[in-house]
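Quick one: sequence plus predicted model below, questions after.
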Amino acid sequence: MSQRSQKSRLRLLLAAGMLAGLMGCEDSVRKPAQVHPIQITPPAMQESLPQFSLPLDARRANIAPLIVFKPDGIAWLTAQSQAAFDAGEEDFRAGRLDNAREEFDQALDQLVASGFDIDADPRLGELYRHIVETMKLDGLEANRDGDGIPEQKATPAPIDEIAEVPIPETENMDPNLRGRAELEVSSISHDLPLTVNDPVLAYVNYFKTARGSAIVETGLRRAGRYREMVQRVLGEEGMPQDLIYLAQAESAFLPQAVSKAGARGMWQFMSFAGRKYGLRKTWWVDERQDPEKATHAAARDLRDLYGQFGDWYLAMAAYNSGAGAVQHAIERTGYADFWELYHRNVLPKETKNYVPIILALTLISKDPARYGIEFDPEPPLKADAVKPGQPIDLRLVAETIDADLDTLRALNPQLLRLVTPADPEFVLQLPEGTAERFSAEIATIPAEKWLSWRRHTVGPGETLSGVARQYHVLPAEIARANDLQAGAPLQEGEKLIIPAAAHSDAAAGKLVRYRVHGNDTVASIADEFDVSVAELRKWNGLRSNHVAKGVRLKIYPGGMTPSPQAKPRETSRAFAAAAPRADSSGSPVMEARTNAILHHVKAGETLWSIAHAYRTTVEAIQSGNRYLFSRPLQVGDTLTILPAH
């Protein structure tokens, strides 16, 4: 081949190569390369992953390929969380409650922030539930009582106590018991079917024992409070009157009864079932504990279940375990008969015994003397209903009408705190005959002060200064609020208005830290704490309406966003604006309280350090924040800083 031919061939090859390159570039534009990012351990885990040094000799030429085994991340995470939890338990036993709460929170936060599906892994799920339950039992769960006033004390549900008893044996039963029960059924009126068989007689026999009869007597005694109301509501709903005995078995007519499963109230509603039938649960109220509203809800629930199954025994069983469990048992066996399902043992154990318990209680309650039961029924609750129109402290209500606070709480068991909700339609129950007095006397106090001001009945020998010290206010303020002359003696029995300085701790605006539970949604949490979804998202930087289980949220119940925190350097100007002046008697009178400083308590702060920063005293801070006389300072508290008197 000639030199010229070789050059021509070379040029052709070069041109072909360039063309192929250009086509490749065009292809790369049309088909972008797929990039697979490096998988990086999440920062929270990466920082604390154990580091290992391998004993390799770099001088050796022939090194076998190194096989790296992927560590068990779940096992490592479980160990880390368990270690924090164990440290918390140790601190709790030593009385270091703040440290224990912080370590328990850390243990939960590690699980939540890991990115693993807690519910999908038995190890993580079991540890998470164990930590949460321990915090509940130890009283260290994330604070939901931001006002320092706990919810009304719950009472164990009697149905749990009955269910714990082994199924009674009938061998040693009174041989005459069956005859007496059958005679009773034929002689008493009833609007639910009554069956006398071995399972029912076994529980009749149990309710004659000392422990069993005490349960029956408690229920029959307390039934006197609510019988008239329950019978009226069942009549209004068109339901059998004998359904009242479900409430007796479930709760012994205790509105604050709570089961181990979390069912609540006289009729033992779970929260989801309560919502289905219109029973609200918010920061302020739990309507499952409202006797009348819960009775309406229970009647409608039972009516729906009877409509589904066409049989009262099946409806009662479904009321206990849910319609799904009963429907599944029917589908498995082909029998829509409670006693057939009972003998085939296809119902949950507690549901299997639930109907015999109800029937046994019905038989005994309709003729208690026949079974040796004696009791004195409590008188029916009589009350006056008023609509305050806006939140009011129950202590002020009690002082206004000279009623006992416990009486007010008994009349309003749905109230979870000492304050009524910000609902203009909320109905407050007062002792019978006190509504007019309440309306007349509460009108003397500005409505916006119903959460802070108090009433005081003067006792023998009391003076204005003594009363002022009791409520941590100035004597001149009490004198001015009651149009009293300075230095005038107080009359025994006289009722004074007390213009308390601090807002009620039970009012809205107090920071609460809430840990999200499994079934929570942003909407349900917002509804419970009486805030808007937008507020909840804003306070916690949420970009969507989704919130993960275990996350801790900041909430200001009632939607009261905290006021901007004042800085210590503003102290002198703020105090000058609120400086006391002297009235004609020479007593100091505080002016312009609205200029008081609000301080948000941070970790590590104490009353002394805050007082020092604001050039005031511990006593002055306590006087402006009366809840500090009954509990210690807590992180997240919003303090009203007033100058020392």
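Here it is on my side, so go on. Numbering: from 1, shown residues only.

show me where pLDDT drops low in the stretch 1-150 of the chain?
Across the stretch 1-150 of the chain, the stretches falling below the confidence threshold (pLDDT under 70) are 1-71, 93-95, 98, 112-115, 117, 119, 133, 135-150.

what about Gln327, neighbour count?
Applying other C-beta atoms under 10 Å, we find 15 other residues in the vicinity of Gln327. Where you see a C-beta, it was placed from the backbone N, CA and C, and this is true even at glycine.

Secondary structure element for it, which one?
In this structure, Gln327 is located in helix 323-333 according to DSSP states H and E.

average model confidence for that helix?
Mean pLDDT, helix 323-333: 94.

Just checking, which helix or strand succeeds the lowest-mean-pLDDT helix or strand in the chain along the chain?
Lowest mean confidence among the helices and strands of the chain (mean pLDDT, DSSP states H and E): strand 588-590, at a mean of 29. Beyond strand 588-590 in the direction of the C-terminus, DSSP H and E gives the next helix or strand as strand 597-600.

Buried residues in stretch 403-416, which are they?
Using 16 or more other C-beta atoms under 10 Å as the test for burial, stretch 403-416 gives Ala403, Leu408, Arg409, Ala410, Leu411, Asn412, Pro413, Gln414, Leu415, Leu416.

Which ones among those residues lie within strands?
Among those, no residue falls in strands (DSSP state E).

In helices, which of those appear?
Secondary structure assignment (DSSP state H) places Leu408, Arg409, Ala410, Leu411 from the buried residues of stretch 403-416 within helices.

where exactly do the helices run in the stretch 501-645 of the chain?
Counting by DSSP state H, counting those that start in this stretch, the stretch 501-645 of the chain forms helices over residues 522-528, 533-540, 571-577, 607-613, 618-624, given from the N-terminal end onward.

Pick out the shakiest of those, pLDDT-wise.
Across the helices of the stretch 501-645 of the chain, helix 571-577 gives the lowest mean pLDDT, at a mean of 32.

Low-confidence bits of the stretch 201-350 of the chain, can you list those?
Screening the stretch 201-350 of the chain residue by residue with the criterion pLDDT under 70, one finds no matching range.

Can you give me the buried ones in stretch 189-197?
Taking 16+ other C-beta under 10 Å as the neighbour-count basis, stretch 189-197 is seen to contain the buried residues Leu192, Leu194, Val196.

go on, stretch 533-543?
By neighbour count, and taking 16+ other C-beta under 10 Å as the criterion, the buried residues in stretch 533-543 are Glu535, Leu536, Arg537, Trp539, Leu542.

okay, that stretch in CSV with CA atoms only?
C-alpha atoms of stretch 533-543 as CSV (Å, rounded to 0.1, in the frame of the first residue of the first chain):
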residue,chain,number,x,y,z
VAL,A,533,-54.0,22.7,62.9
ALA,A,534,-52.2,25.8,61.6
GLU,A,535,-51.1,26.8,65.2
LEU,A,536,-49.9,23.3,65.9
ARG,A,537,-47.8,23.1,62.7
LYS,A,538,-46.4,26.6,63.3
TRP,A,539,-45.3,25.9,66.9
ASN,A,540,-43.5,22.7,65.8
GLY,A,541,-42.2,23.6,62.4
LEU,A,542,-44.4,20.9,60.7
ARG,A,543,-44.5,21.2,57.0
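
who are the neighbours in contact with Leu639?
Contact criterion C-beta atoms under 8 Å, 6 or more residues apart in numbering gives Leu598, His599, His600, Val601, Ile610, Ile621, Gly624, Asn625 as the residues in contact with Leu639.

what's the closest of those residues to Phe207?
Of all the contacts of Leu639, Asn625 has the smallest distance to Phe207: 51.9 Å, by C-beta to C-beta.

per-residue confidence for the closest one?
Listed pLDDT for Asn625 reads 73.

So what's the residue count around it?
Other residues within reach of Asn625 by the criterion other C-beta under 10 Å amount to 23.

Tell me where the stretch 101-250 of the chain has strands.
Remark: strands assigned in the stretch 101-250 of the chain by DSSP state E, counting those that start in this stretch are 155-156.

Just to check, Asn205 is in contact with Arg178?
No - when contacts are counted by C-beta atoms under 8 Å, Asn205 is not listed as touching Arg178 (10.1 Å).

Please consider this matter closed, and thank you.
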